[in-house]
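**Student:** just the structure for this:
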Amino acid sequence: MNFGATLNATMQESFEYQLRVQDMYPKCKKLSRFKECNLSKLKEHKCSDVFWIDSILHITKKSLSTGGKTTNSYYTYSLTEEGCDCGDQMDIVVNNSYFTSGYSQLLGSGNYNISSFRIKARMLIKILGNIEKNRYLLTPLIIEKTGYYLLDDN
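**Tutor:** Numbering: from 1, shown residues only. A predicted model of the protein is given here:
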């Protein structure tokens, strides 16, 4: 009998590292050798495959419906730049291990009705490939929250 499928349980993998978690981040700061980039430069092919970016991380819940009934819902992850009216937005691919500091409880939980939220973040990004011309699929290697992104009431 498969108890995992019967009970709708999930499994989580754990890892052991030679460094304590508190010691890992300062060592990661040495990753500053990677250059800064922004979305405009990325569209102009002026970024390396791995780069730092200061951006707004968007997490949005999308729902598909048929006949007025929701048939599927999922989250999309993207990044934009603060103060940029250029409409530049790039999709990013993440996994739940990025959100173990509390965001994982917001996403997919029946206890909260959150359709979208944003944070300011500094990220080390890796380009996975092209979706279409001047549009890339990205994945964050490091996400550092740098602040809240508050929407204007205007």
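
**Student:** excluding chain neighbours, what is closest to residue 51?
**Tutor:** Of all residues beyond its chain neighbours, the one nearest residue 51 is residue 37 (3.9 Å), with distances taken as C-beta to C-beta, 6 or more residues apart in numbering. From N, CA and C alone the C-beta is placed, and that goes for glycine too.

**Student:** please apply the same query to residue 31.
**Tutor:** Nearest one to residue 31, counting by C-beta to C-beta, 6+ apart, is residue 124 at 6.0 Å.

**Student:** and that neighbour, what element?
**Tutor:** Here residue 124 sits within strand 116-132, counting by DSSP states H and E.

**Student:** need the contact partners of that strand.
**Tutor:** Residues outside strand 116-132 that contact it (C-beta atoms under 8 Å, 6 or more residues apart in numbering) are 31, 34, 37, 42, 47, 49-61, 79, 82, 91-93, 106, 136-149, 151.

**Student:** weed out the non-buried ones from these.
**Tutor:** Neighbour counting with 16 or more other C-beta atoms under 10 Å marks 34, 37, 42, 47, 51-59, 61, 79, 91-92, 136, 138-140, 143, 149 as buried within the contacts of strand 116-132.

**Student:** these in helices, which ones?
**Tutor:** residue 42 (DSSP state H).

**Student:** list the buried residues for the strand holding residue 124?
**Tutor:** Buried residues in strand 116-132, counting neighbours by 16+ other C-beta under 10 Å, are found at 118, 119, 120, 121, 123, 124, 125, 126, 127.

**Student:** list the contacts of residue 27.
**Tutor:** For residue 27, the contact set (C-beta under 8 Å, 6+ apart) comprises residue 19.

**Student:** shouldn't it be within a helix?
**Tutor:** Yes: judged by DSSP: H, G, I helix; E, B strand; the rest coil, residue 27 forms part of a helix.
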